[in-house]
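**Student:** would you be able to build a 3D model of this:
(one chain, ligands or ions: 1)
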Amino acid sequence: MATAGAGALLGGRLAAQERGRGGRGARGGAGSAPTRPIPPDVRNTRGIDVHHHYAPPGWLKVLAEQKALNVEPWMGWTPAKAIEAMDRAGVATSYSSITVPGIYFAEGFGNQQAPPGAKFKNDVVALAREANEFGAKMKSDYPGRFGIWASLPLPDVDASLEEIEYAFDKLKLDGIGLITSIGTKYMGDASFAPVFQELNRRNAIVYTHPGASPCCLYALPGVGPTTLEYSHDTARTIVSWVNSGSADRFPNIKWIFSHGGGSIWSARYIGGEIGRDPKAFAAMTQPPRLLSHLRKFYYDTAATSNFLQMQNLKTLVGTSQVVLGSDHPYGDPVDYILDLRELQTSGVLTAQERQNIERENVARLLGH
Ligand SMILES: [Zn+2]
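**Tutor:** Numbers count the residues shown, from 1 in each chain. Model (predicted):
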């Protein structure tokens, strides 16, 4: 694999960057030792992880040169190392994507690794193509262990339509992976309609990963985007998709939103629909209009595998819409498997619900 040089490429740059600034979650990352005992039967989980990242060399190079890379998680990263982490957690297959800041930098970088105000007009078409071809090679080098959410060179719509055809028909990739905002545009933006029309025609899965729009990346001085902004950007793109009418126009697209849907569940957007009586809400035979859309989407567990957020998802959309996401190499898959087991022990999830989240919900979606 061409990844052998990734550590060498990055080694000289680590000192020049602030380690972990802004982009890391609370998780220990790929290199940290697990702090909880791992029961032997974890290896039988057969989990399917939809929130897992890979790093094509060209992407690492551009970000490192622009000082926009969260370097530490990628030190020594290879697909084989990723598989070691998957094996520790009993994860059979990881659907892998490019993480923030994505591949489009002309309006800024959606993380705080880059210097404030930094922009870079790169060749988005070439970077998407390289990412997708590298992903296809990961799939063929490790059969059954990886799926790939393909990158698209948005906001270039014509090139994105070409890349959809190439990624699905030639490379046989599994779905599309997009950052929640492309510069200042969200998923319901009218200019993106031809792309989603084509994805709707193909009944495609579209996975989104949060970024931070230029509007808000530095809204609070000294506060990194993991604190609020990635959650808000996810909520904004969900509202953009539904309120623009795209959710009605393109109903065949199957969405997976990261981090449990971000802050959408605490917004007035939802509060107005649920009423005041939990028994009446639970007994509703027809979900309210907005929730009926949100109940068709899927939400991953990354940074969300706690009793409060899981209970919210269970109450509002049901556990059938929750899927395993670990954010590797920023997170460790085994932490999430152990979190889900603790949620079963504490009564938030039943054994069946836990197994469905680990595997069955997304296996149905992907035809495993
Ligand atoms: Zn991620």
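**Student:** and the closest residue to the ion within the chain, what pLDDT?
**Tutor:** Closest residue of the chain to the ion, CB to the ion: D327 (4.1 Å). Heads up, the C-betas are built off the backbone N, CA and C, glycines and all. What the model reports as pLDDT for D327 is 98.
**Student:** any idea how many residues pack against it?
**Tutor:** Residues near D327, counting by other CB atoms under 10 Å, number 27.
**Student:** neighbours of the residue nearest to it when sequence neighbours are not counted, how many?
**Tutor:** The spatial neighbour of D327 that comes closest, neighbours along the chain excluded (CB to CB, 6 or more residues apart in numbering), is A302 at 4.2 Å. Here the count is done by other CB under 10 Å, and A302 has 25 residues near it.
**Student:** what of the one 5 residues further on?
**Tutor:** When neighbours are defined as other CB under 10 Å, F307 has 14 of them.
**Student:** that one and V50, how far apart?
**Tutor:** In this view, F307 and V50 are 22 Å apart by CB to CB, to the nearest Å.
**Student:** could you do A363 as well?
**Tutor:** Counting by CB to CB, the gap from A363 to V50 is 11 Å.
**Student:** and the two? Which one has more around it.
**Tutor:** V50 (31 against 17).
**Student:** list the contacts for the more buried one?
**Tutor:** V50 makes contacts with Y95, Y207, I256, Y298, D300, V323, L324, G325, V362, as judged by CB atoms under 8 Å, 6 or more residues apart in numbering.
**Student:** any idea which element it lies in?
**Tutor:** strand 47-53 (DSSP states H and E).
**Student:** quick check, that strand touching the ion?
**Tutor:** No: judged by CB under 5 Å from the ion, strand 47-53 and the ion are separated, with a smallest distance of 5.6 Å.
**Student:** for that strand, list the C-alpha coordinates in CSV.
**Tutor:** Coordinates of each C-alpha in strand 47-53 appear next as CSV, following Å, rounded to 0.1, in the frame of the first residue of the first chain:
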residue,chain,number,x,y,z
GLY,A,47,-20.0,-5.0,14.2
ILE,A,48,-20.4,-2.7,11.2
ASP,A,49,-18.9,0.7,11.8
VAL,A,50,-20.2,3.5,9.5
HIS,A,51,-18.1,6.4,11.0
HIS,A,52,-14.5,5.4,10.3
HIS,A,53,-11.8,7.4,8.5
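**Student:** can you pull out the strands in the stretch 251-368 of the chain?
**Tutor:** Secondary structure of the stretch 251-368 of the chain (DSSP state E, counting those that start in this stretch): strands located at 254-257, 298-300, 322-323.
**Student:** over to the stretch 51-200 of the chain?
**Tutor:** Ranges of strands in the stretch 51-200 of the chain, per DSSP E, counting those that start in this stretch, are 91-97, 146-150, 175-179, 181-182, 185-186.
**Student:** turn the ones you listed into JSON lines, including mean pLDDT.
**Tutor:** As requested, the strands of the stretch 51-200 of the chain are exported to JSON lines (pLDDT from 0 to 100):
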{"stretch": "strand 91-97", "mean pLDDT": "98"}
{"stretch": "strand 146-150", "mean pLDDT": "98"}
{"stretch": "strand 175-179", "mean pLDDT": "98"}
{"stretch": "strand 181-182", "mean pLDDT": "97"}
{"stretch": "strand 185-186", "mean pLDDT": "98"}
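**Student:** identify whichever of these lies nearest to L161.
**Tutor:** Among the strands of the stretch 51-200 of the chain, the nearest to L161 by CB to CB is strand 175-179 (11.8 Å).
**Student:** against which helices or strands is the closest one packed?
**Tutor:** If you count contacts as 3 or more CB pairs under 8 Å, 6 or more residues apart in numbering; DSSP states H and E, strand 175-179 packs onto strand 146-150, strand 205-209.
**Student:** what mean pLDDT does the helix or strand just after the last one have?
**Tutor:** In other words, strand 205-209. Along the chain past strand 205-209, the next helix or strand (assigned with DSSP H and E) turns out to be helix 229-243. Throughout helix 229-243, pLDDT has a mean value of 97.
**Student:** for this structure, which residues are neighbours of the ion?
**Tutor:** Counting by CB under 5 Å from the ion, the chain sits next to the ion at T99, D327.
**Student:** and the longest helix seen in the chain, which residues are buried?
**Tutor:** Longest helix of the chain, by residue count under DSSP state H: helix 124-141. Neighbour-count burial for helix 124-141, counted by 16 or more other CB atoms under 10 Å, picks out 124-125, 127-139.
**Student:** angle of that helix against strand 91-97?
**Tutor:** 170 degrees (axes from the mean of the first three to the mean of the last three CA atoms, to 10 degrees).
**Student:** quick one: contacts of helix 124-141?
**Tutor:** 1-2, 54, 56-59, 62, 79, 96, 98, 103-104, 106, 146-148, 150-154, 156, 159, 163, 166-167, 171-173.
**Student:** what does stretch 306-319 give?
**Tutor:** 260-261, 265, 270, 274, 291, 294-295, 297, 299, 301, 304, 321-322, 339, 343, 346, 348-349, 353, 356-357, 361.
**Student:** of the contacts of helix 124-141, buried ones?
**Tutor:** Neighbour-count burial (16+ other CB under 10 Å) is assigned, among these, to 54, 56-59, 62, 79, 96, 98, 103-104, 146-148, 150-154, 156, 159, 163, 166-167, 171, 173.
**Student:** restricted to helices, list those.
**Tutor:** Short answer: the buried ones among the contacts of helix 124-141 in helices (DSSP H) are P57, G58, W59, V62, P79, A159, E163.
**Student:** D123 versus the second one, what's the distance?
**Tutor:** Applying CB to CB, one obtains 10 Å for the distance of G58 from D123.
**Student:** tally up the residues packed near the residue nearest to Y298 when sequence neighbours are not counted, please.
**Tutor:** Beyond its immediate neighbours in the sequence, the residue positioned closest to Y298 (CB to CB, 6+ apart) is I256, lying 4.4 Å away. When neighbours are counted by other CB under 10 Å, I256 registers 24.
**Student:** if anything else comes up later, I'll come back, but that's it for now.
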